[in-house]
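Colleague: Could you look at this predicted model? Sequence included:
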Amino acid sequence: MPADEGCFSFFRRPLLCAVRRTRASPSTLGSSPSTPGEGKIVNRHWSRIGVRVASVVLLVAGAAGGVYLGEGRQVRSTGRVDLSFQAQTDEMQLLKARQNQHVAARAWQREAESEAADKASAEAKSAAGKAHDLAQRVVAKKAADKAKASGATVPYTGPIPTSCREFVGNRATGCALMLDAGFAIDQFPCLNNMWNKESGWNHRAANPNGAYGIPQAFPGSKMASIAADWKTNPATQIKWGLGYIKGKYKTPCGAWTHWEANHSY
């Protein structure tokens, strides 16, 4: 018995010890015990083995339950992690949307400021141009008034269109006034040719027969119907001449055709 006492330790495999004991005592298999107390000892051994086996089963079941509970906790913990991650994702998306709105608002503001600056610049340039033109007209008017008082040539104070800027002096004035009278620019060559022949565009040209000025009005005093400065103002003479042409020949080229045939108009 002392040699088997160690077999009943829980950690030394009690089933194996029982097998060994059975092999050591063949008379216990299929026969009655040789001694009166031997059977009770064997039963007691098997009872202890059963208890220990049951203990092992309980330990295994407890371990399995712990694993299950741990898995449950892990699942619940994973659920909490998933919810937390979703909340963080939603918050980041919200922040990103607000940032995009802020960027769009700033871009719109910069565009509006740029458009306002361009508009203000254009208006300033326009105002400066108008102020410059007005200043020039004021200077020209003062010069004209001075010329009238002294009998000097009165300068033209009106604008010269781009299509007339190839000409200078009285010809540029004649081109501008012709367009103002409603004639097309292609009529100016005819007017230029005709008044080149009549006076050379000299507003002081005087004919012994009484004709006077650029259009050689006969008599020159007819041009007083436009303004009293008909002797010294080329614009006054040109306006009268264009009115005369329009009433009698319709167009400058119509007057030039008549002039070429008769050397007068």
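Modeller: Perfect, thanks for sending it.
Colleague: hey, let's count contacts and neighbours off CA atoms from now on
Modeller: Noted.
Colleague: roughly how far apart are Leu191 and Ser84?
Modeller: According to Cα to Cα, to the nearest Å, Leu191 stands 92 Å off from Ser84.
Colleague: for Glu166, same thing?
Modeller: Counting by Cα to Cα - Glu166 and Ser84 are separated by 82 Å.
Colleague: Quick check: phi and psi at the nearest residue to Ser264 once chain neighbours are set aside.
Modeller: Spatial nearest neighbour of Ser264, excluding adjacent residues (Cα to Cα, 6 or more residues apart in numbering): His258 at 7.3 Å. The phi/psi pair for His258 (degrees, to the nearest 10) reads phi -70, psi -40.
Colleague: Is His258 in contact with Lys250, as I believe?
Modeller: No. Assessed by Cα atoms under 8 Å, His258 is found out of contact with Lys250, at 11.6 Å.
Colleague: host element of Thr157?
Modeller: Counting by DSSP states H and E, no helix or strand carries Thr157.
Colleague: quick one, phi psi at it?
Modeller: phi -110, psi 0.
Colleague: Report pLDDT for it.
Modeller: If you check Thr157, the pLDDT there is 92.
Colleague: go on, the one 3 residues further on?
Modeller: With respect to pLDDT, Ile160 has a value of 96.
Colleague: Contacts only, for it.
Modeller: Listed by Cα atoms under 8 Å, 6 or more residues apart in numbering, the contact set of Ile160 reads 172-173, 176.
Colleague: Relative to Gln216, which of those residues is nearest.
Modeller: For the contacts of Ile160, the closest approach to Gln216 (Cα to Cα) belongs to Thr173, at 16.8 Å.
Colleague: which residues of the stretch 51-200 of the chain score low on pLDDT?
Modeller: For the stretch 51-200 of the chain, the stretches flagged by pLDDT under 70 are 51-83, 136, 140-151.
Colleague: in it, which spans are helices?
Modeller: Using DSSP state H, counting those that start in this stretch, the helices found in the stretch 51-200 of the chain span residues 169-180, 188-198.
Colleague: Show me which residues of the longest one are buried.
Modeller: Going back to what we said before, that points to helix 169-180. Neighbour-count burial for helix 169-180 flags 170-179 (criterion: 16 or more other Cα atoms under 10 Å).
Colleague: In these, find the pair that's most separated.
Modeller: Within those (distances taken as Cα to Cα), the two that end up farthest apart are Asn170 and Leu179, at 14.3 Å.
Colleague: got the domain boundaries for this protein?
Modeller: 2-27+36-77, 162-262 (automatic domain parsing).
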